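> Next input, structure requested:
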Amino acid sequence: MGAVDPVDALRALGGTARWKQLAGHVARRALARAVASGQVTRARGTYSLPTGERATTLAVLLRATRSHATAAEHWGWSLPPDRPATVRLTVPFKAQRTKQPADVRLRYRDLAPTAVVGDVTTRLQTVVDCLRDESLRVAVSVGDSALRAGDVRRDELFAAVDALRGPGSAVARMRARLLDGRAANAFESCARAVLIEAGITGFEPQVSIRHRNVYIGRVDLADRARRIVVECDGFEFHGTLEAMTRDCSRHTWLVSAGWRPLRFTWHQVMFEPGWVLERVQDTIAEVERARFAVQPPRRARRATV
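Residues are numbered from 1 along each chain as shown. Alright, predicted model coming up:
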């Protein structure tokens, strides 16, 4: 199996990952060298891309609070790698900031003292802000990641969004109900967001599938009712005959068990979401046509004398 550059791997996984997500794809020595050179940071067992230094400097310069996706990076949560390269800051509602760098996006909002720790929004406030103001892909990626890490509880998140008032409140409440901590990374969260944004529901992350008492495996996304599987192929390589055989066997098992597996690459999900959506929509249409095509056999008419 070919090794992947640690920086490229982290970008594909949303900027942060633990060793169990990188193992098998990134060499330990290469990862250690990336950490030693400063290309990758390591904290609390989580490897991340170092993106927070400029945001901290700008927060001090503009007397602002790091928030939204910028705060999510601080907390080590996964984010779509193709998001705009802007620093997200929040300043008081009546504040005046006439000069700001081109890569800064300000949100004018009064934050409660309990919603800020140092110069960054708290974990809970960060998720709420992303649900309210960020794109659906960023909101779902951040929310899934926060729930997956146990940094935010579902009950406290629901209470926080239900208490919101004003623009974006209804959107935050709706999005909060879509989050799922079972998603393994931002790649899977973004794939689910592509479907949700088009009004396609029913796909669950990390579904275990069995057939005739045989465990086939755990798939990234599955619609149990339509029996459609969506696999997010990130850094899987058929470096050995054993690996290729295992992958082919899994695919064949799914098909023979009545599932329709679709496989998408990281590049397709991130940069060709329209094409990904069309393939899923086509497959759903085929499932519906197959259901209606099955007609009960007609009874033979009796011959008349």
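
> Can you list the low-confidence ranges for this protein?
Counting by pLDDT under 70, the chain shows low-confidence ranges at 1-3, 14, 51-52, 82, 234-240, 294-305.

> give me that answer again for 50
Applying pLDDT under 50 to the chain flags residues 1, 304-305.

> ok, which stretches of it are strands?
Here the chain has its strands, by DSSP state E, at 16-18, 41-43, 46-48, 65-66, 87-91, 104-108, 116-117, 120-121, 203-211, 214-223, 228-233, 260-265.

> The fourth one packs against which elements?
On a contact count with 3 or more Cβ pairs under 8 Å, 6 or more residues apart in numbering; DSSP states H and E, strand 65-66 meets helix 52-61, strand 87-91, strand 120-121. The C-beta positions use only the backbone N, C-alpha and C, and glycine is treated the same way.

> Next: the first one.
Strand 16-18 is packed against helix 6-12, strand 46-48, with contacts defined by 3+ Cβ pairs under 8 Å, 6+ apart.

> if we can go back for a sec, can you check which of the strands of the chain gets nearest to residue 289?
When the strands of the chain are ranked by proximity to residue 289, the top entry is strand 260-265, at 12.5 Å, counting by Cβ to Cβ.

> next one: the helix ranked longest in the chain to chain centre, how far?
Identified as the longest helix of the chain according to DSSP state H is helix 273-293. In this view, helix 273-293 has its centroid 22 Å away from the chain centroid, taken as Cα atoms, centre = their mean, to the nearest Å.

> domain ranges for this protein?
Domain assignment of the chain by automatic domain parsing yields the ranges 1-50, 51-181, 202-293.

> Mind putting these into a markdown table with distance to residue 192?
Compiled in a markdown table, these are given as follows (distance: least, Cβ to Cβ, whole Å):
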| stretch | distance to residue 192 |
| --- | --- |
| domain 1-50 | 13 |
| domain 51-181 | 6 |
| domain 202-293 | 6 |
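
> So which of these is the most surrounded?
Mean neighbour count, computed with mean count of other Cβ atoms under 10 Å, is highest for domain 51-181 among those, reaching a mean of 18.
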